[in-house]
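Colleague: have a look at this prediction, sequence included:
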Amino acid sequence: MIDFPSLPSWYDEQRGPSSPWTLTSTYRQDLSAEGGSNQQAAQSFASPRRGRGRLGRRPGRVRGSFSLSPLRERPTSRQAGRVRGYKILLASWAALAAMLLDWAGVGPAWAAEPGQFRFWKQILPSPLPEENIFAVPLDNDVYAEVQDGFPDIRLFDSRQRETPYLLEKAFTTVTEYDRTWTSARVETARELENNRLEIVLSLPPSINSADGIQIQTPLRDFERQVQVFGSDNGQQWTLLVKDGLLYDYSRYIDVRGLELRLPPNKHRFFKLLIEEITDTKDSPWTEITRKIRQEKEWEKIERFQLVRRPLRIDLVQVWSWVPRTEKRLLKTHYHSLPFQVQEDSKNKCTIIQVQTRRQPLERFVLKTASRNFYREISVQIPVPWPSRPVRRPDPLSAALEPAPPPAEPSIEWRTIATGRIHLLRFRHFHEENLQIDFSEQRSPQYRLLIHNQDSPPIEITGVDAAGPVYQVVFLGQPQESYQLYYGANSVGHPQYDIAHVLTSLRSGAEPVQAKLQAQANTQTPQMPPAQPRPLSLLAILNHPLFFLTAIVVVVIILAWGLIFASRRIQQLPQDKPPSES
């Protein structure tokens, strides 16, 4: 026997909008009147009414077994409307995102037309003699007008049809020579008259020829004249080096030269004839003897010692040049760039302003008449800062006072590379490094800072530069003329499949070199009305249509939220005041 007392009204309120419960009962068919009233009470308990006080009258006792199980009810019209609202909201946001991407030009770029460009050049030869893969290097006129990244370059044929191309850096095949060192075999060594030493060397079987000889000695601060002879059999000698010099100037500067370069030869034997193998040098110590009588110096004797120093040779090595072929980026050199020199006495540096035509550069080489210096150098490029917006005055102040001129954007110099330059020239020694490398840049202006500290400034006589070569590679048709158009503000990067095509067609062969005509042709760019101009992200955010669309979307969301909240408020249970009994 199970008794079901009446439940409080807060039971349904705490359950919330969950599924109603059904009451399943099993009892005898011959129910009495009391059983009938119990069945009615069970039906009243299973009623899905929520938030309406007590669930019917208090039932009596029911004989049998009962169980509570949830029912799956179909979604109401209110839930279906809520789902439709979510779908509409997501569709609105998707349409807005697609519209913004279309304005920003994220999608495929529009096809360009020749009238959109300011300059064009004819590709020579014109027309092309055969069907082949051609490469056209860009010149200074193109570099001066195209934007960063080279997006505004197009190739058209004689019928104004756009031709796919591939923009790449040009490569070249260079041959480098590496030194291969080996120890020479000393056949004989004898001391000759007039303080000379003769050394006969032979090459080991592992080396075919010798391009230079190097000796190793612990001696410091010396200078020796050397003659080098060559022979095929060790009997007949041919003069190879007449005025060779071995030296060490450690007393003055850390400069040491122990190598002798040989002219091209095929000799297997070499003879070194060293002059003044033993030299005489004053000792750095001086012995002074003083005799004093009656507190006066009566005699002073200074004794100097002479030191005889033989040229001690620990090892003799020979080297030969071994060729090595590899592909490298082709570099072009720009000589005698326009520059201005200014001395900054406050910061103790020399400022060199260099003007370019926006060529891609990776190196600067200085020319100077000064020597024996070692300085630090920096390379800087200008980075513009946007000017601050000028506050608009009120109408009365604007009418009485003249408008101030617009503020020019300030320039900040950003350092892109640092290094050291030096030029050492002393007697027979000469060594210099007047170049500085940096990452590829296309700035119209550069600034070189030479940090002098307290040393005198360097006299700059010229500035050279070097950088990679960009070329346009395309598949040319026979008896067809092509023009290169460049210089446009509203053209994006083209998307071609020519890279995969050329990779399959090249098969390691180099393209045929073509060139641009010297004089550029100018024209007034005309924007086609049917093609919308791609906007930048900043222009989209400042567009009035963007703000209007955003306001409409926000208003719709707020209105939908208020309507949904008001419906939820109406469904809340209302508390009734307690009845007086």
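Modeller: Done, it's in. Predicted, not measured: the structure shown is a model, and the values here were computed from it.
Colleague: what about the residue nearest in space to the middle of the chain, which helix or strand?
Modeller: Closest residue to the average C-alpha location of the chain: Ser439 at 7.8 Å, with C-alpha atoms, centre = their mean. Following DSSP states H and E, the helix or strand that holds Ser439 is strand 435-441.
Colleague: ok, and what's touching that strand?
Modeller: For strand 435-441, the surrounding residues in contact (C-beta atoms under 8 Å, 6 or more residues apart in numbering) are 360-366, 377, 379, 381, 416-417, 419, 421, 448, 467-468. For every residue, glycine as well, the C-beta is placed using N, CA and C.
Colleague: the nearest residue to Leu315 once chain neighbours are set aside: neighbour count?
Modeller: Closest residue to Leu315 in three dimensions, ignoring its sequence neighbours and counting by C-beta to C-beta, 6 or more residues apart in numbering: Gln216, at 4.4 Å. Residues contacting Gln216 under the criterion other C-beta atoms under 10 Å number 11.
Colleague: mind listing what Gln216 touches?
Modeller: Counted by C-beta under 8 Å, 6+ apart, Gln216 has contacts Leu258, Ile313, Asp314, Leu315, Val316, Gln317.
Colleague: try it again with 10 Å
Modeller: Leu258, Arg312, Ile313, Asp314, Leu315, Val316, Gln317 (C-beta atoms under 10 Å, 6 or more residues apart in numbering).
Colleague: once you drop chain neighbours, what's closest to the fourth one?
Modeller: If you skip the residues right next to it in sequence, Asp314 has Gln216 as its closest partner in space, 4.8 Å away by C-beta to C-beta, 6+ apart.
Colleague: now the helix or strand that the strand holding Ser439 is followed by - C-alpha only, PDB.
Modeller: Remark: after strand 435-441, the chain's next helix or strand is strand 445-451, criterion DSSP H and E. Extracted in PDB, the C-alpha atoms of strand 445-451 (Å, rounded to 0.1, in the frame of the first residue of the first chain):
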ATOM      1  CA  GLN A 445      66.300  56.800 -48.700                       C
ATOM      2  CA  TYR A 446      68.900  55.300 -46.400                       C
ATOM      3  CA  ARG A 447      71.100  56.700 -43.700                       C
ATOM      4  CA  LEU A 448      74.600  55.300 -42.800                       C
ATOM      5  CA  LEU A 449      76.000  56.200 -39.400                       C
ATOM      6  CA  ILE A 450      79.700  55.900 -39.000                       C
ATOM      7  CA  HIS A 451      80.600  56.000 -35.300                       C
END
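Colleague: was I right to think Lys331 contacts Gly467?
Modeller: Yes - counting by C-beta atoms under 10 Å, Lys331 touches Gly467, with 6.7 Å between them.
Colleague: looking at these two, which one has more neighbours?
Modeller: Gly467 (20 against 13).
Colleague: that one touches Thr332, doesn't it?
Modeller: Yes - at 6.6 Å, Gly467 and Thr332 qualify as touching, with contact defined as C-beta under 10 Å.
Colleague: what is in contact with the two at once?
Modeller: Gln359, Pro360, Leu361.
Colleague: and those residues, which are buried?
Modeller: Gln359, Pro360, Leu361 (16 or more other C-beta atoms under 10 Å).
Colleague: closest to Gly476 out of those residues?
Modeller: Pro360 (24.9 Å; C-beta to C-beta).
Colleague: just the element for the residue lying closest to the closest one once chain neighbours are set aside, please.
Modeller: Leaving out its chain neighbours, the residue that sits closest to Pro360 by C-beta to C-beta, 6+ apart is Gly467, at 4.5 Å. Assigning secondary structure by DSSP H and E places Gly467 in strand 460-468.
Colleague: next, Asn208: phi, psi?
Modeller: phi -90, psi -40 (degrees, to the nearest 10).
Colleague: what sits against it?
Modeller: Lys266, Arg268, Ser320.
Colleague: how about the strands of the stretch 351-500 of the chain, start to end?
Modeller: 361-368, 373-384, 411-426, 429-433, 435-441, 445-451, 460-468, 470-476, 482-486 (DSSP state E, counting those that start in this stretch).
Colleague: the ones you listed: which one's closest to Thr175?
Modeller: strand 460-468 (19.3 Å).
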